[in-house]
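Q: Provided below for reference: sequence and predicted model.
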Amino acid sequence: MRALDVIVRQWEKGGDRVALVWEELTGFRSFTAGQWERTVRRPRTWGTIYCALVVVIGYFLLDRPLARFLKARVTGEFEGFWKTVTHLGLGGVWLFPAGILTLGLILSMLAAPVGEKRDRLRRAAWVPGFLFLAMAASGIAGNIIKVLVGRTRPAMLFDSNVYDFVPLTRGYLTNSFPSGHSQAIFAAMTALALIFPRYDLAFLTVALLVALSRVLTTVHFLSDVVAGAWLGVMVTLALHSLLTRRGIDVRVRFERDKKLAE
């Protein structure tokens with residue numbers, strides 16, 4: 001038998017096995033498709049469930065081995081790069097400029113005569129104001145959770161083999177959950193994605209890079225970062241829904257966007 005015939009027969013057998021497995025997965029494929037539809041219908045509810053599952057699985061199975069693995073391997077310039085990226089997650093990087101801009105627009109509004117210009121400035125003030133409020137609200141919530149939970153940081157695992165909770169404490173080594181940097185960057189980038197939806201993928205990329213940096217530099221456990229990201233996103237979306245119901249639109253529409261819409 002020629003080698004080509006052998007290859008063809010093996011290929012056919014392999015195809016039959018793949019078809020059989022595919023047929024056996026019909027129920028699973030149906031469930032997956034249905035679950036995707038349920039997720040699309042209620043993204044916040046299912047997003048919360050998914051994040052909760054990741055946090056639980058992370059705590060019991062992934063956090064410790066992953067932290068030890070990364071601690072042993074992420075070093076040198078590679079670690080230095082991620083330590084630089086992580087600075088984008090500092091709340092002040094986004095909070096203070098948004099607050100200053102909001103204050104400036106409010107003062108300009110108050111100084112403007114009653115009429116169209118004042119209304120325009122009022123609407124404009126809500127844009128940075130939304131970013132500021134999203135970060136402030138999620139940051140306050142995150143700090144309260146940190147104190148209540150009191151989860152130890154990876155540093156205590158490396159130095160003393162401590163992997164525990166010390167509730168109602170405010171020390172740096174016991175405020176790991178949730179990640180403040182992840183909360184801040186996801187709140188900021190979600191707000192910016194709602195303000196400038198044209199660039200939502202770019203904002204999401206920045207958020208993911210900062211969150212990844214917190215895990216790679218072993219400052220936080222994986223579940224800390226997931227919880228922080230969830231908190232930042234959910235608070236921002238809740239605030240956006242509240243403003244929308246009150247008739248406040250924070251989306252910025254450029255002239256080129258209007259032309260594309262036409």
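A: Yep, it's here.

Q: tally of neighbours for the residue nearest to residue 203 when sequence neighbours are not counted?
A: Excluding the flanking residues, the one nearest residue 203 by CB to CB, 6 or more residues apart in numbering is residue 189, at 4.0 Å. In this view, the C-beta of every residue, glycine as well, is placed from N, C-alpha and C. Residue 189 sits with 28 neighbouring residues when counted by other CB atoms under 10 Å.

Q: tell me which element residue 189 falls in.
A: helix 180-195 (DSSP states H and E).

Q: same deal with residue 124?
A: Element membership of residue 124 [criterion: DSSP H and E] is helix 116-149.

Q: So which elements touch the following helix or strand past that helix?
A: Next helix or strand after helix 116-149 toward the C-terminus (DSSP H and E): helix 154-160. Helices and strands touching helix 154-160, by 3 or more CB pairs under 8 Å, 6 or more residues apart in numbering; DSSP states H and E, are helix 63-73.

Q: Sort out which residues of the helix it packs on are buried, please.
A: 63, 64, 66, 67, 70, 71 (16 or more other CB atoms under 10 Å).

Q: Serialize those residues to JSON lines and add fields for distance to residue 178 and pLDDT.
A: Compiled in JSON lines, the buried residues of helix 63-73 are given as follows (distance: CB to CB, whole Å; pLDDT from 0 to 100):
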{"residue": "63", "distance to residue 178": "13", "pLDDT": "97"}
{"residue": "64", "distance to residue 178": "18", "pLDDT": "97"}
{"residue": "66", "distance to residue 178": "17", "pLDDT": "97"}
{"residue": "67", "distance to residue 178": "16", "pLDDT": "97"}
{"residue": "70", "distance to residue 178": "19", "pLDDT": "96"}
{"residue": "71", "distance to residue 178": "21", "pLDDT": "95"}
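
Q: Now render the residues you listed as a markdown table, adding distance to residue 56.
A: Converted to a markdown table, the buried residues of helix 63-73 look like this (distance: CB to CB, whole Å):
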| residue | distance to residue 56 |
| --- | --- |
| 63 | 11 |
| 64 | 14 |
| 66 | 15 |
| 67 | 17 |
| 70 | 21 |
| 71 | 23 |
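
Q: ok so, going back, between helix 180-195 and the helix or strand immediately after the helix holding residue 189 in the chain, find me the angle.
A: Where DSSP H and E defines the elements, the next helix or strand beyond helix 180-195 is helix 200-216. Helix 200-216 runs at 180 degrees relative to helix 180-195, counting by axes from the mean of the first three to the mean of the last three CA atoms, to 10 degrees.

Q: Now do helix 200-216 and helix 63-73, the angle between them.
A: Using the same axes, to 10 degrees, helix 200-216 lies at 80 degrees relative to helix 63-73.

Q: which other residues reach helix 200-216?
A: Residues from elsewhere that reach helix 200-216 (CB atoms under 8 Å, 6 or more residues apart in numbering): 66, 70, 74, 79, 82-83, 85-86, 88-89, 179, 181-182, 185-186, 188-190, 192-193, 196, 220-222, 224-225, 228-229.

Q: So which bits of it are buried?
A: 203, 206, 207, 210, 211, 213, 214, 215, 216.

Q: same question, stretch 171-179
A: The neighbour-count check on stretch 171-179 (16+ other CB under 10 Å) flags 173, 174, 175, 176, 177, 178, 179 as buried.

Q: Hmm, the second one is touching residue 150, no?
A: Think residue 174. Yes - counting by CB atoms under 8 Å, residue 174 does reach residue 150; the two are 4.7 Å apart.
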